[in-house]
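>>> Sequence and computational prediction follow.
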Amino acid sequence: MKSFFLLMAMLFWINAVKTDNVLTRFKIPAGYKHSSSASDGFGSWLQTLPLRPAGTPARTYKGDIAHTEVYTAAIVNMSVGNQDLQQCADAVMRLRGEYLYQQKNYKAISFNFTSGFRCDFMHYASGYRYNNGNWILKAKKDYSYASFMRYMNLVFSYAGTLSLQKELKRVNNPAGLKTGDVFIKGGAPGHCFIVMNVVENAQHHKKFLLAQSFMPAQNIQVLQYNGDPWFSLDKHADILYGELISKDYLKRFE
C-alpha cells in the first residue's frame with residue numbers, strides 16, 4: 001500500500017511538471033479572461049511550453065546568475081547552450097524554429113542572416129554548409145534534432161535583431177495583439193520580446209506575458225516588473241528596453 005501511494009505521488013509530480021506552463025503558473029488578473037483574438041498553432045505551442053520549477057533563477061550560458069534576474073517571473077525549460085550565441089533575437093528564432101521542427105514542417109524553417117543570405121534548414125539537413133555567402137555540399141543528410149541545433153547555432157552566429165525585424169510582418173492594429181507576436185527594434189545591439197500569453201477584459205483592454213533572452217546569452221525568462229508579470233501597451237514598464245513595449249515595435253511571423 002505504501003508503494004502504491006508513493007507511485008501515485010510520483011505520477012502526480014511528473015504530471016505537474018509536464019503541465020506547469022504560463023497557463024497554469026500565472027493567475028489571470030481579476031476581470032480578465034483569455035483573449036478572443038485568433039491564436040495560431042505557434043501561439044498555442046508557446047502557452048504550453050514547460051517552465052522550470054518556481055524560483056529557478058536566470059543564468060547565463062556560463063552558469064552565472066544573469067544581471068536580468070531581477071525581472072525573472074519564470075524560466076522556460078529550454079537549453080541555452082555553452083556559447084554566447086542565444087541572445088535576444090536568437091531566443092525568438094529558437095522558439096519559432098523549435099515549434100516548426102516539432103511540427104516536422106522542415107521547409108518552413110528559414111531565417112535570414114544580417115547579410116541577407118537565406119539560411120534554410122532544408123539545405124543544412126541535406127548536407128549543405130554555409131561558406132562565404134554560398135551553400136556547399138559537404139555532409140550526408142541529417143534531419144536529427146542534433147542537426148537542427150547545429151543549424152540554429154549557425155543562425156545565431158550570423159542573424160540578429162536587424163535581420164529578424166526585416167523578416168517579421170508589422171502588426172498594424174495593436175488591438176489584434178496575440179500570443180507569438182514580437183516587440184522588436186533592430187540595431188547594435190537592439191532588442192526584442194516575445195508575447196507568451198494574452199488576456200483581455202470586457203472593454204477589450206489587453207494584458208500580456210513577455211519573455212526574452214539577453215546579452216550575454218542566458219535562459220529564456222518570462223518577465224515581471226515590481227512583482228507583476230502582466231504587461232500592457234498603455235503602461236510603461238521600467239525594465240531594460242521597456243520602451244519597446246509599444247505598438248510602434250509590434251511585429252509577427254508570417
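Perfect, I can see it now. Residues are numbered from 1 along each chain as shown.
>>> Skip the chain neighbours and tell me the closest residue to His34.
Nearest non-adjacent residue to His34, counting by Cβ to Cβ, 6 or more residues apart in numbering: Val199, 5.7 Å away. In this view, the C-beta of every residue, glycine as well, is placed from N, C-alpha and C.
>>> Assign a three-state SS to that neighbour, would you?
Under DSSP: H, G, I helix; E, B strand; the rest coil, the three-state class of Val199 is strand.
>>> Contacts only, for it.
Under the criterion of Cβ atoms under 8 Å, 6 or more residues apart in numbering, the contact partners of Val199 comprise Ile28, Pro29, Tyr32, Lys33, His34, Ser35, Lys206, Lys207, Phe208, Trp230.
>>> Distance check, the residue lying closest to the third one once chain neighbours are set aside against Ala30.
Spelled out, that is Tyr32. Distances taken as Cβ to Cβ, 6+ apart put Val199 closest to Tyr32, at 4.1 Å, once the chain neighbours are dropped. The gap separating Val199 from Ala30 is 11 Å, by Cβ to Cβ, to the nearest Å.
>>> again with Ala73
Using Cβ to Cβ, Ala73 is found at 18 Å from Ala30.
>>> more crowded one of those two?
Ala73 (22 against 6; other Cβ atoms under 10 Å).
>>> Would you mind naming the helix or strand containing that one?
strand 72-75 (DSSP states H and E).
>>> next one: that strand to chain centre, how far?
For strand 72-75, the separation from the chain centroid amounts to 13 Å (computed by Cα atoms, centre = their mean, to the nearest Å).
>>> Give me the next element, helix or strand, following it.
For strand 72-75, the succeeding helix or strand toward the C-terminus, using DSSP H and E, is helix 88-102.
>>> Give me the contact list for that following helix.
Identification of contacts with helix 88-102 by Cβ under 8 Å, 6+ apart yields 41-42, 45-46, 49, 78, 86, 106, 108-109, 111, 121, 145, 148, 151-152, 155-156, 159-161, 163-164, 182, 184, 189-192, 194, 211-215, 217, 220, 253.
>>> Rounded mean pLDDT for the following helix or strand past it, please.
Sequence-wise, the next helix or strand downstream of helix 88-102 (DSSP H and E) is strand 110-112. Average pLDDT, strand 110-112: 98.
>>> In terms of secondary structure, what does strand 110-112 contact?
strand 118-120, helix 161-167 (3 or more Cβ pairs under 8 Å, 6 or more residues apart in numbering; DSSP states H and E).
>>> low pLDDT regions in the stretch 1-150 of the chain?
1-18, 36-39 (pLDDT under 70).
>>> Could you dump the helices and strands packed on strand 110-112 into CSV and include distance to Tyr99 and mean neighbour count?
Formatted as CSV, these follow (distance: least, Cβ to Cβ, whole Å; neighbours: other Cβ atoms under 10 Å):
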stretch, distance to Tyr99, mean neighbour count
strand 118-120, 16, 17
helix 161-167, 15, 19
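>>> Can you lay out the ones you listed as JSON lines showing distance to Ala175?
Below are the helices and strands packed on strand 110-112 laid out as JSON lines (distance: least, Cβ to Cβ, whole Å):
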{"stretch": "strand 118-120", "distance to Ala175": "33"}
{"stretch": "helix 161-167", "distance to Ala175": "21"}
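>>> That'll do, ta.
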